[in-house]
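Colleague: give the three-dimensional model of this entry:
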Amino acid sequence: MIDYLAVQSELNTFRDFLRWSTSRFNEAGLFFGHGNEDAFNEASQLLLSSLHLPVDTLPDVFLDARLTQDEKRTLLIAIEKRIEKRIPLPYLTNEAWFAGLPFFVDERVLIPRSPFAELIETQFQPWVAAPDSITRIIDMCTGSGCIAIALAMAFEQAEVTASDISSDALDVARVNRQKYGLEDQLTLLESDIWQKISTDAKYDLIISNPPYVGAEEMASLPEEYRHEPNSALEADDNGLALVTKILSGAADHLTENGLIFIEVGNTDLAVDDKWPEIAFTWLELENGGHGIFMLDKDQCELFKQLYG
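Modeller: Presented below is the predicted three-dimensional model:
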């Protein structure tokens with residue numbers, strides 16, 4: 001057990017804390033899957049954020065700056081929570097980055113980490129041949145609203161709807177919507193998938209990163225994931241329960257040239273096994289990540305006929 005009180009008198013500079021916390025993070029075997037890839041970057045971001053310094057750079061001028069006793073206590077409290085309670089970094093700093101944008105997050109929402117960021121930054125090209133023609137988009141299971149907000153900024157001419165069954169998640173999305181001043185473009189809607197979506201609503205793009213983790217995979221996840229809402233991660237039917245609901249109603253809500261993109265992560269093999277008659281297009285991503293498929297309206301019509 002680390003004696004955090006004793007350490008306070010032994011560490012004096014930012015450099016001291018950075019080296020010590022990096023070593024302790026490695027020693028503790030922490031999982032780094034919520035924005036950073038290693039202990040050094042995790043420690044650097046935690047320390048900089050806790051000291052209200054920019055997190056995207058580490059100027060040499062700060063390294064040998066001596067810390068006050070209050071600052072030391074603040075850092076040690078954050079480090080202790082990260083190590084002893086395995087609280088993910090974004091919940092400690094209340095900030096996560098997605099598509100190059102910072103978002104407010106807390107334990108009411110999943111921490112943003114979707115490979116959808118790459119697709120949004122390229123406006124889904126080449127699958128969307130004319131991005132300027134996109135006028136209506138819906139992001140289902142929006143959580144923090146990060147995907148919907150990035151979509152609104154990438155498709156400035158489009159009306160965007162962000163739906164979620166969780167009122168708590170929508171409260172967080174509302175904070176982020178206000179942060180980026182998108183109240184006129186982005187509508188937040190509490191809905192269980194299609195339940196409160198107007199029957200005549202049509203969308204050029206349907207986007208979703210729904211809960212898709214099956215029970216077996218859920219049991220094997222690192223402890224850090226236990227702090228995220230279970231309802232935002234796990235789904236019945238080997239992770240495909242909500243994907244089924246979304247696909248069953250997609251044909252009724254796509255425009256003639258509309259497309260649906262859904263992220264299913266490691267459940268990708270289960271998708272092909274469960275619905276072999278559907279020709280899913282699996283997207284190849286340059287920046288890492290996997291498990292996003294695309295269907296057009298005709299394919300969604302076939303899904304509805306066979307499985308709806």
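Colleague: what ranges do the helices span in the protein?
Modeller: Along the chain, counting by DSSP state H, helices occupy 4-10, 14-28, 39-50, 60-63, 69-84, 89-93, 116-121, 146-154, 167-179, 215-220, 241-253, 268-274, 297-307.
Colleague: looking at these, which is buried most?
Modeller: Stretch with highest mean neighbour count among those: helix 146-154 (a mean of 26; mean count of other C-beta atoms under 10 Å). All C-beta spots, glycine's among them, are computed from the backbone N, C-alpha and C.
Colleague: quick one: it to helix 167-179, angle?
Modeller: 30 degrees (axes from the mean of the first three to the mean of the last three C-alpha atoms, to 10 degrees).
Colleague: which residues touch helix 146-154?
Modeller: Helix 146-154 is contacted from outside by 96, 98-99, 101, 103, 112, 114, 116-117, 120-121, 123, 131, 137, 139, 142, 158, 160-162, 173, 176-177, 180, 182, 185-186, 205, 207, 209, using C-beta atoms under 8 Å, 6 or more residues apart in numbering.
Colleague: which non-adjacent residue is nearest the residue minimising distance to the centre of the chain?
Modeller: For the chain, residue 112 is the residue whose C-alpha lies nearest the centre (C-alpha atoms, centre = their mean; 1.9 Å). Spatial nearest neighbour of residue 112, excluding adjacent residues (C-beta to C-beta, 6 or more residues apart in numbering): residue 98 at 3.9 Å.
Colleague: ok, now which ones touch that neighbour?
Modeller: 112, 113, 114, 117, 146, 147, 150 are the contacts of residue 98 under C-beta under 8 Å, 6+ apart.
Colleague: just the pLDDT at residue 28, thanks.
Modeller: Residue 28 is assigned 96 on the pLDDT scale.
Colleague: let me fix that: residue 245
Modeller: Residue 245 is given a pLDDT of 97.
Colleague: and if you look at the one 4 residues further on?
Modeller: What the model reports as pLDDT for residue 249 is 97.
Colleague: quick one: closest of the helices of the chain to residue 195.
Modeller: Closest to residue 195 of the helices of the chain, according to C-beta to C-beta: helix 241-253, at 9.5 Å.
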